[in-house]
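**Student:** This is the structure alone, sequence omitted:
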(Lines give C-alpha, C1' and ligand atoms only; values in the text may rest on other atoms or scores of the structure.)
Protein backbone atom coordinates (compact mmCIF):
# COMPACT_ATOMS: atom_id res chain seq x y z
CA UNK A 1 0.00 0.00 0.00
CA UNK A 2 1.27 3.45 -0.85
CA UNK A 3 0.46 5.33 2.38
CA UNK A 4 1.29 4.69 5.99
CA UNK A 5 -1.47 3.88 8.43
CA UNK A 6 -3.26 7.03 9.57
CA UNK A 7 -4.91 5.05 12.35
CA UNK A 8 -2.71 2.20 13.48
CA UNK A 9 -4.27 -1.10 14.58
CA UNK A 10 -4.71 -1.44 18.33
CA UNK A 11 -2.64 -4.02 20.16
CA UNK A 12 -4.27 -6.46 22.55
CA UNK A 13 -2.84 -4.52 25.49
CA UNK A 14 -4.82 -1.45 24.35
CA UNK A 15 -8.21 -3.13 24.11
CA UNK A 16 -10.69 -1.74 26.54
CA UNK A 17 -13.06 -4.23 28.22
CA UNK A 18 -15.85 -3.44 25.73
CA UNK A 19 -13.73 -4.21 22.67
CA UNK A 20 -12.08 -7.25 24.31
CA UNK A 21 -15.56 -8.65 25.06
CA UNK A 22 -16.68 -7.96 21.50
CA UNK A 23 -13.66 -9.73 20.00
CA UNK A 24 -14.12 -12.70 22.33
CA UNK A 25 -17.81 -12.97 21.35
CA UNK A 26 -16.66 -12.91 17.71
CA UNK A 27 -14.38 -15.86 18.50
CA UNK A 28 -11.04 -14.03 18.63
CA UNK A 29 -8.72 -14.50 21.59
CA UNK A 30 -5.50 -12.67 20.65
CA UNK A 31 -4.54 -9.80 18.41
CA UNK A 32 -2.80 -12.27 16.05
CA UNK A 33 -6.24 -13.78 15.31
CA UNK A 34 -7.60 -10.46 14.05
CA UNK A 35 -7.43 -8.64 10.74
CA UNK A 36 -5.91 -5.15 10.72
CA UNK A 37 -9.27 -3.67 9.75
CA UNK A 38 -10.86 -5.00 12.95
CA UNK A 39 -7.95 -3.86 15.12
CA UNK A 40 -8.22 -0.41 13.52
CA UNK A 41 -11.97 -0.15 14.06
CA UNK A 42 -11.34 -1.07 17.71
CA UNK A 43 -10.45 2.59 18.24
CA UNK A 44 -14.18 3.41 17.94
CA UNK A 45 -16.05 0.62 19.76
CA UNK A 46 -19.50 2.21 19.59
CA UNK A 47 -19.40 2.65 15.80
CA UNK A 48 -17.78 -0.75 15.34
CA UNK A 49 -20.50 -2.51 17.38
CA UNK A 50 -23.29 -0.77 15.45
CA UNK A 51 -21.81 -1.53 12.03
CA UNK A 52 -21.11 -5.24 12.72
CA UNK A 53 -24.71 -6.59 12.47
CA UNK A 54 -25.16 -5.07 9.00
CA UNK A 55 -21.72 -6.25 7.85
CA UNK A 56 -22.50 -9.72 9.20
CA UNK A 57 -25.72 -9.84 7.18
CA UNK A 58 -24.01 -8.74 3.98
CA UNK A 59 -21.10 -11.16 4.26
CA UNK A 60 -22.70 -14.21 5.89
CA UNK A 61 -26.50 -14.03 5.75
CA UNK A 62 -27.55 -12.36 2.52
CA UNK A 63 -29.63 -14.12 -0.11
CA UNK A 64 -26.79 -14.02 -2.65
CA UNK A 65 -24.72 -17.02 -3.66
CA UNK A 66 -21.09 -16.84 -2.53
CA UNK A 67 -19.94 -16.31 -6.13
CA UNK A 68 -22.32 -13.41 -6.84
CA UNK A 69 -21.61 -11.88 -3.42
CA UNK A 70 -17.85 -11.97 -4.08
CA UNK A 71 -18.25 -10.59 -7.61
CA UNK A 72 -20.18 -7.66 -6.11
CA UNK A 73 -17.67 -7.09 -3.29
CA UNK A 74 -14.59 -7.42 -5.49
CA UNK A 75 -15.86 -5.11 -8.23
CA UNK A 76 -16.88 -2.56 -5.59
CA UNK A 77 -13.45 -2.77 -3.96
CA UNK A 78 -11.77 -2.40 -7.36
CA UNK A 79 -13.84 0.64 -8.31
CA UNK A 80 -13.16 2.19 -4.87
CA UNK A 81 -9.39 1.64 -5.36
CA UNK A 82 -9.20 -0.33 -2.11
CA UNK A 83 -6.17 -2.60 -2.11
CA UNK A 84 -7.06 -4.06 1.27
CA UNK A 85 -10.66 -4.86 0.27
CA UNK A 86 -9.61 -6.34 -3.05
CA UNK A 87 -6.85 -8.47 -1.54
CA UNK A 88 -8.96 -9.78 1.34
CA UNK A 89 -11.76 -10.79 -1.02
CA UNK A 90 -9.47 -12.39 -3.60
CA UNK A 91 -8.67 -14.79 -0.77
CA UNK A 92 -12.34 -15.26 0.15
CA UNK A 93 -13.36 -15.56 -3.51
CA UNK A 94 -10.85 -18.35 -4.05
CA UNK A 95 -11.54 -20.20 -0.83
CA UNK A 96 -15.31 -19.81 -0.49
CA UNK A 97 -16.63 -19.12 -3.99
CA UNK A 98 -14.28 -21.19 -6.16
CA UNK A 99 -13.18 -18.16 -8.14
CA UNK A 100 -10.18 -18.46 -10.41
CA UNK A 101 -7.51 -16.18 -11.85
CA UNK A 102 -9.62 -15.45 -14.97
CA UNK A 103 -12.45 -14.17 -12.75
CA UNK A 104 -10.16 -11.72 -10.96
CA UNK A 105 -8.63 -10.51 -14.20
CA UNK A 106 -12.11 -9.98 -15.71
CA UNK A 107 -13.21 -8.03 -12.61
CA UNK A 108 -10.65 -5.36 -13.45
CA UNK A 109 -12.56 -4.63 -16.68
CA UNK A 110 -15.99 -5.37 -15.27
CA UNK A 111 -19.23 -5.86 -17.16
CA UNK A 112 -17.60 -5.24 -20.53
CA UNK A 113 -15.37 -8.31 -20.25
CA UNK A 114 -16.61 -11.25 -22.32
CA UNK A 115 -15.72 -13.63 -19.48
CA UNK A 116 -19.06 -13.09 -17.72
CA UNK A 117 -22.36 -14.89 -18.27
CA UNK A 118 -25.57 -12.85 -18.57
CA UNK A 119 -26.40 -13.02 -14.83
CA UNK A 120 -22.90 -11.94 -13.80
CA UNK A 121 -22.85 -9.17 -16.40
CA UNK A 122 -26.16 -7.82 -15.07
CA UNK A 123 -24.91 -7.70 -11.48
CA UNK A 124 -21.65 -6.07 -12.59
CA UNK A 125 -23.60 -3.37 -14.43
CA UNK A 126 -25.54 -2.70 -11.24
CA UNK A 127 -22.32 -2.42 -9.21
CA UNK A 128 -20.82 -0.05 -11.77
CA UNK A 129 -23.90 2.18 -11.85
CA UNK A 130 -24.24 2.22 -8.07
CA UNK A 131 -20.59 3.13 -7.64
CA UNK A 132 -20.69 5.85 -10.29
CA UNK A 133 -24.24 7.21 -10.04
CA UNK A 134 -25.37 5.99 -6.58
CA UNK A 135 -28.40 4.52 -8.37
CA UNK A 136 -29.40 1.71 -10.73
CA UNK A 137 -31.03 2.60 -14.05
CA UNK A 138 -34.42 1.14 -14.93
CA UNK A 139 -32.80 -0.88 -17.73
CA UNK A 140 -30.25 -2.53 -15.42
CA UNK A 141 -32.86 -3.08 -12.68
CA UNK A 142 -35.05 -4.87 -15.25
CA UNK A 143 -32.07 -6.88 -16.49
CA UNK A 144 -31.28 -7.95 -12.92
CA UNK A 145 -34.91 -8.94 -12.33
CA UNK A 146 -34.46 -11.70 -14.91
CA UNK A 147 -31.93 -13.40 -12.63
CA UNK A 148 -32.49 -12.15 -9.09
CA UNK A 149 -35.48 -11.95 -6.75
CA UNK A 150 -36.45 -8.64 -5.19
CA UNK A 151 -34.72 -9.69 -1.96
CA UNK A 152 -31.54 -10.55 -3.85
CA UNK A 153 -31.59 -7.20 -5.68
CA UNK A 154 -31.94 -5.48 -2.32
CA UNK A 155 -28.96 -7.49 -1.03
CA UNK A 156 -26.92 -6.48 -4.11
CA UNK A 157 -27.53 -2.80 -3.38
CA UNK A 158 -26.80 -3.31 0.34
CA UNK A 159 -23.56 -5.16 -0.48
CA UNK A 160 -22.32 -2.37 -2.75
CA UNK A 161 -23.23 0.18 -0.08
CA UNK A 162 -21.50 -1.70 2.73
CA UNK A 163 -18.32 -2.35 0.78
CA UNK A 164 -18.19 1.22 -0.49
CA UNK A 165 -18.27 2.32 3.15
CA UNK A 166 -15.68 -0.28 4.14
CA UNK A 167 -13.43 0.70 1.21
CA UNK A 168 -13.67 4.37 2.20
CA UNK A 169 -12.71 3.55 5.79
CA UNK A 170 -9.83 1.31 4.72
CA UNK A 171 -8.49 3.90 2.29
CA UNK A 172 -8.97 6.94 4.56
CA UNK A 173 -7.61 5.23 7.69
CA UNK A 174 -4.65 3.80 5.75
CA UNK A 175 -5.29 0.23 6.92
CA UNK A 176 -2.30 -1.86 5.88
CA UNK A 177 -2.47 -5.37 4.46
CA UNK A 178 -2.11 -8.08 7.06
CA UNK A 179 1.26 -9.80 6.60
CA UNK A 180 -0.34 -13.11 5.63
CA UNK A 181 -2.46 -11.36 2.95
CA UNK A 182 0.63 -10.32 0.96
CA UNK A 183 0.52 -13.56 -1.03
CA UNK A 184 -2.89 -12.53 -2.42
CA UNK A 185 -1.88 -8.99 -3.32
CA UNK A 186 -1.25 -7.74 -6.79
CA UNK A 187 -3.45 -4.69 -6.82
CA UNK A 188 -2.00 -2.45 -9.52
CA UNK A 189 -0.73 0.98 -8.71
CA UNK A 190 -3.05 3.70 -9.94
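**Tutor:** Looks like it came in fine. Keep in mind the model is a prediction, meaning the values are calculated, not measured. Numbers count the residues shown, from 1 in each chain.

**Student:** Please enumerate the helices of the chain.
**Tutor:** Secondary structure of the chain by DSSP state H: the helices cover 17-25, 36-41, 45-56, 66-79, 83-97, 101-109, 118-133, 138-145, 150-173.

**Student:** Provide the contact partners of stretch 25-44 at residue level.
**Tutor:** Residues outside stretch 25-44 that contact it (C-beta atoms under 8 Å, 6 or more residues apart in numbering) are 5, 7-12, 14-15, 19, 23, 47-48, 51, 84, 88, 166, 169-170, 173, 175-178. For glycine as for every other residue, the C-beta is placed from the backbone atoms N, C-alpha and C.

**Student:** Flag the shaky bits of the chain, pLDDT-wise.
**Tutor:** Scanning the chain for pLDDT under 70 picks out 1-3, 182-190.

**Student:** Identify, out of the helices of the chain, the most deeply packed stretch.
**Tutor:** helix 66-79 (a mean of 24; mean count of other C-beta atoms under 10 Å).

**Student:** Can you name every helix or strand that it contacts?
**Tutor:** Secondary-structure packing of helix 66-79 (3 or more C-beta pairs under 8 Å, 6 or more residues apart in numbering; DSSP states H and E): helix 83-97, helix 101-109, helix 118-133, helix 150-173.

**Student:** Pipe the ones you listed into a markdown table and attach distance to residue 41 per row.
**Tutor:** Compiled in a markdown table, the helices and strands packed on helix 66-79 are given as follows (distance: least, C-beta to C-beta, whole Å):
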| stretch | distance to residue 41 |
| --- | --- |
| helix 83-97 | 12 |
| helix 101-109 | 26 |
| helix 118-133 | 23 |
| helix 150-173 | 8 |
